[in-house]
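Peer 1: 3D model of this:
(4 chains)
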Number of protein chains: 4
Amino acid sequence: MYKEFKIKPPFFEIGTKAYLYGEGVLALAKAADIISKKYNVSIIFDPQYVDIPKIVEETENLYVFAQHMDSLPIGRGYGSVLPEAIKAAGAVGVLLNHAEKRISLAELNKTIKRADEVGLATIVCADTIEEAAAIAYLTPNIIVAEEPELIGTGKTSNANYVKKTIEVVHSINPDIYVLQGAGISSGKDVYKVIKAGAVATGSSSGISKAVDPVAMVEEMIHAMRKAWDELHK
Amino acid sequence: MYKEFKIKPPFFEIGTKAYLYGEGVLALAKAADIISKKYNVSIIFDPQYVDIPKIVEETENLYVFAQHMDSLPIGRGYGSVLPEAIKAAGAVGVLLNHAEKRISLAELNKTIKRADEVGLATIVCADTIEEAAAIAYLTPNIIVAEEPELIGTGKTSNANYVKKTIEVVHSINPDIYVLQGAGISSGKDVYKVIKAGAVATGSSSGISKAVDPVAMVEEMIHAMRKAWDELHK
Amino acid sequence: MYKEFKIKPPFFEIGTKAYLYGEGVLALAKAADIISKKYNVSIIFDPQYVDIPKIVEETENLYVFAQHMDSLPIGRGYGSVLPEAIKAAGAVGVLLNHAEKRISLAELNKTIKRADEVGLATIVCADTIEEAAAIAYLTPNIIVAEEPELIGTGKTSNANYVKKTIEVVHSINPDIYVLQGAGISSGKDVYKVIKAGAVATGSSSGISKAVDPVAMVEEMIHAMRKAWDELHK
Amino acid sequence: MYKEFKIKPPFFEIGTKAYLYGEGVLALAKAADIISKKYNVSIIFDPQYVDIPKIVEETENLYVFAQHMDSLPIGRGYGSVLPEAIKAAGAVGVLLNHAEKRISLAELNKTIKRADEVGLATIVCADTIEEAAAIAYLTPNIIVAEEPELIGTGKTSNANYVKKTIEVVHSINPDIYVLQGAGISSGKDVYKVIKAGAVATGSSSGISKAVDPVAMVEEMIHAMRKAWDELHK
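Peer 2: Residues are numbered from 1 along each chain as shown, chains lettered A, B, ... in the order given. Predicted structure coming up:
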């Protein structure tokens, strides 16, 4: 866990995978930047590696993360993603172990330690409650709890799953944030998951494949604000 | 083979692997840019992904390449390197199948086709003469012929190996350039390999680990010019 | 190429993947053993690793192959498949680079050399004509030419594709056998591909998923014999 | 955790990696079989896949394990290791996630579940105390705690490390056995680690590379018996 990383809940993660790049992803990032400020909701934004520098430069409020990085030290390693390079490019964190980019437990452990060392926050993906518990022992900043059978279905986890994951992770380390993912494809989904007790959620395909991605971001962030305010005011 | 890619021999490849990043790699790129013009030698430069945009923006003569990319189409693929993103960032090519980033034959074939499709030149690494021949059938723009036992030794291939690789590759496809790599660690090495008949060579550790990387680039490019002129004038 | 490996055309490959194991695969192997003799057709049979010894012991005519092996030398390597162990278990060859078990070009090259060294024949899979040509330079005993879009479809390559692959591979090395795979799911398919000029073909799912795998083997081998005799007598 | 798996402490694991195969590994297994009985010490023995059937057949007391397996179900998967095939071959368990054969956390989780399903015990390797804790949440039968910096050094973990790992794993699940590995290269090492409180240890290179592997097994098992008796009588 990179302790200097501070993010105010509720927060939302936008992962553009390999859907968007160049001008397209920059436009979405700029819109998200404005929406983040408007609704006072923190947004984590993970673009393609090459798009990190420009997005860092042209936005103010986003938490720009890399979609992955390697654990290697400065040195050899053609084609790998060096932690120091990600940090120098302006990213503030990195996502690890996505279902589309699995890494071994030992590599995950080493990469989290490298992130701590260079000063990058870590979000780590878990498929199941037992994997979330396992990952909690490696002390990332944030754990993404996704029910794999829900990914891409538009169906979201029920309130019980949300509560149980948070409970298990916090029993191991109460400083780790739990982000409820999988199947978020509308403002309504966001509303439901926050009302179920989550402090964070996010969307990849739900936004990247939307007819109007910017409108979808606004719909989701608005829903997050609303659910949060209803619970906390 | 991306046919629009034109590079005038002799040319030189600088691969910074995971040695350099941020301000350090930018400084080296700018110096290489000036040296390229001064000696009228084409330079291919492959930095970390995140450093591509700034180097493209701040140099004029370099051929900026990615150190690797994936074959995936626009869509899912967290943490992968999308060909379209590399192209949009301003890179003109990509290196594939480095000894530190092996890919399967089928993936290599697909990635070369994706590069052709989006408009990126391809440099593909081969360990042996039979691998160079095999790769020639996949039609990249450039094949790097490295004797693996020489990598990092400071010893270079002899004139016979240089000639034989070129001969074999050209018997399959005369339009593919052969770049003689492995063990290049001084201007003298460059001189020798060009005099042996190569049109291209390059260096990674030889430059990145030099006490003064800029001076080393100048020494090597100067040697390349000299050897080339002696042969061709 | 392991030169001591001799197999009389026409020949047929039965790959049971992870469909069959234990008693089930042994029964199929024994039946194939009898069918091989009855029709005087050579059969290559690739079971799960652990099933190799018993099948070798209890059959007489089959050419038992491993479904994969690693290039490592005797020594460290937990969980890997040692060439010497495969050979000592009685296998006479190994299949490499299947679409479900890709390996890098360099690893493929090394593994073929290891097979030659310990005395194992090699069958290497290729997706496209250019990949078949590439692989021919690495000199395996047999190349499997499969059109990937046909795998599992029940559609087979047309006569033109068959001829072209053989032509290209033999222009590089006339001693390499070409096995036409992909989509073979009946005796009729086998008949067609042999009449189109192939010396070898094979089936995995077509046999393993058949209602009666033994009957399917007999149907296919019978068709092979018939087509071959019509062409060669 | 496969609950039907019962093994009486103290127990010892012999992993022959890719060092031994065929007649050589069979001879060692037979000797270990006799030594196991003589000293009343349980021995887990993991040979190459192809050597499992014969060792199962020709020994009585050994717990024969595979060095790895995949999580795939019966079906496609050329070159993979099917859990059902391992079970049918007579193995009683499988080792997973060795430093030389890493798998992702999700794959590890799935493979342990597959082992439970087909009836195979699981030994999972961990590099650090936090990885041991993480793995404990996936509920294998046995966790191997190895300090990676000690592997192959001939230096063993100190008593404090042994105690701490057991404590952490048992705080999560008291039914999981902890096997202290890394650097065991003599009977003295075995004695020390058992006296430090371990119920199990093992050796790979220490035995496979010994001048006389059988004598080394006897030395180690004798030391295990002695240390255990001193502690427990």
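
Peer 1: With the flanking residues excluded, which residue is spatially nearest to A:Ala126?
Peer 2: Leaving aside its chain neighbours, A:Ala126 sits nearest to A:Ala132 (4.0 Å; criterion: Cβ to Cβ, 6 or more residues apart in numbering or on different chains). The C-beta positions use only the backbone N, C-alpha and C, and glycine is treated the same way.

Peer 1: show me the contacts for the one you found.
Peer 2: A:Ala132 sits next to A:Ala126, A:Ile143, A:Ala145, A:Thr165, A:Val168, A:Val169, A:Val178 when contact means Cβ atoms under 8 Å, 6 or more residues apart in numbering or on different chains.

Peer 1: Return the distance of the last one relative to A:Asp229.
Peer 2: Note on A:Val178: its distance to A:Asp229, by Cβ to Cβ, to the nearest Å, is 20 Å.

Peer 1: Relative to C:Asp51, which of the contacts of A:Ala132 is nearest.
Peer 2: Proximity to C:Asp51 was ranked across the contacts of A:Ala132 by Cβ to Cβ; first place goes to A:Ala126, at 35.9 Å.

Peer 1: A:Met224: what secondary structure?
Peer 2: Secondary structure, DSSP: H, G, I helix; E, B strand; the rest coil: A:Met224 is helix.

Peer 1: What mean pLDDT does the helix or strand hosting A:Leu28 get?
Peer 2: Applying DSSP states H and E as the criterion places A:Leu28 in helix A:22-39. The pLDDT scores in helix A:22-39 average 98.

Peer 1: Do it and chain B come into contact?
Peer 2: Yes - against chain B, helix A:22-39 shows contacts by Cβ under 8 Å from any Cβ of the partner chain at A:Gly22, A:Glu23.

Peer 1: now for that helix, which elements pack on it?
Peer 2: With contacts taken as 3 or more Cβ pairs under 8 Å, 6 or more residues apart in numbering or on different chains; DSSP states H and E, helix A:22-39 sits against strand A:42-46, helix A:52-58, helix A:213-232, helix B:83-88.

Peer 1: Let me have those in JSON lines, adding mean neighbour count and distance to chain C as columns.
Peer 2: Formatted as JSON lines, the helices and strands packed on helix A:22-39 follow (neighbours: other Cβ atoms under 10 Å in any protein chain shown; distance: least, Cβ to the nearest Cβ, whole Å):
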{"stretch": "strand A:42-46", "mean neighbour count": "26", "distance to chain C": "28"}
{"stretch": "helix A:52-58", "mean neighbour count": "19", "distance to chain C": "29"}
{"stretch": "helix A:213-232", "mean neighbour count": "19", "distance to chain C": "32"}
{"stretch": "helix B:83-88", "mean neighbour count": "25", "distance to chain C": "19"}
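
Peer 1: got JSON lines for the ones you listed, with distance to C:Ala91 too?
Peer 2: Converted to JSON lines, these look like this (distance: least, Cβ to Cβ, whole Å):
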{"stretch": "strand A:42-46", "distance to C:Ala91": "47"}
{"stretch": "helix A:52-58", "distance to C:Ala91": "50"}
{"stretch": "helix A:213-232", "distance to C:Ala91": "54"}
{"stretch": "helix B:83-88", "distance to C:Ala91": "40"}
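
Peer 1: Any chance of a markdown table for those, columns distance to D:Asn97 and mean pLDDT?
Peer 2: As requested, these are exported to a markdown table (distance: least, Cβ to Cβ, whole Å; pLDDT from 0 to 100):
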| stretch | distance to D:Asn97 | mean pLDDT |
| --- | --- | --- |
| strand A:42-46 | 28 | 98 |
| helix A:52-58 | 32 | 98 |
| helix A:213-232 | 38 | 97 |
| helix B:83-88 | 33 | 98 |
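
Peer 1: Nearest to chain D, out of the ones you listed?
Peer 2: The minimum distance between chain D and those falls on strand A:42-46, with 19.5 Å, by Cβ to the nearest Cβ.

Peer 1: Return the distance of the lowest-mean-pLDDT helix or strand in chain A from the chain's centre.
Peer 2: In chain A, no helix or strand scores lower on mean pLDDT, DSSP states H and E than helix A:159-172, which sits at a mean of 90. Its chain's C-alpha centre and that of helix A:159-172 lie 18 Å apart, by Cα atoms, centre = their mean, to the nearest Å.

Peer 1: just stretch A:111-127 next, same as before
Peer 2: 12 Å.

Peer 1: Likewise for stretch A:104-121?
Peer 2: Chain-centre distance of stretch A:104-121: 16 Å, with Cα atoms, centre = their mean.

Peer 1: Also stretch A:202-215?
Peer 2: 15 Å.

Peer 1: Quick check: A:Lys209 vs B:Ile74, distance?
Peer 2: Plainly put, A:Lys209 is 11 Å away from B:Ile74 if you go by Cβ to Cβ.

Peer 1: immediately after the host helix or strand of the residue nearest to A:Ala126, which helix or strand?
Peer 2: Per DSSP H and E: A:Ala132 is located in helix A:129-136. Next in sequence after helix A:129-136, counting helices and strands by DSSP H and E, comes strand A:142-145.

Peer 1: returning to that earlier point: buried sites along the helix holding A:Ala132?
Peer 2: Using 16 or more other Cβ atoms under 10 Å in any protein chain shown as the test for burial, helix A:129-136 gives A:Ile129, A:Glu130, A:Glu131, A:Ala132, A:Ala133, A:Ala134, A:Ile135, A:Ala136.

Peer 1: Show the pLDDT at the fourth one.
Peer 2: Looking at A:Ala132, its pLDDT is 96.

Peer 1: A:Ile55 and A:Met69: what is the separation?
Peer 2: 16 Å.

Peer 1: again with A:Glu107
Peer 2: A:Glu107 is 11 Å from A:Met69, by Cβ to Cβ.

Peer 1: Please say which of those two ends up with more neighbours.
Peer 2: A:Met69 (29 against 17; other Cβ atoms under 10 Å in any protein chain shown).

Peer 1: Spit out the contact partners of that one.
Peer 2: So A:Met69 contacts A:Val81, A:Leu82, A:Pro83, A:Ile86, A:Val94, A:Leu96, A:Thr111, A:Arg114, A:Ala115, A:Leu120 (Cβ under 8 Å, 6+ apart).

Peer 1: Once you drop chain neighbours, what's closest to it?
Peer 2: That would be A:Val81: by Cβ to Cβ, 6+ apart, it lies 4.3 Å from A:Met69.

Peer 1: give the contact list for A:Val118.
Peer 2: A:Pro83, A:Glu84, A:Ile86, A:Lys87.

Peer 1: Chain B next: which of those residues are close?
Peer 2: A:Glu84, A:Ile86.

Peer 1: what's the farthest-apart pair in the contacts of A:Val118?
Peer 2: A:Glu84 and A:Ile86 (7.3 Å).

Peer 1: Can you classify the closest residue to A:Lys163 other than its chain neighbours by secondary structure?
Peer 2: Leaving aside its chain neighbours, A:Lys163 sits nearest to A:Gly197 (5.5 Å; criterion: Cβ to Cβ, 6+ apart). For A:Gly197, the assignment made with three-state DSSP gives coil.
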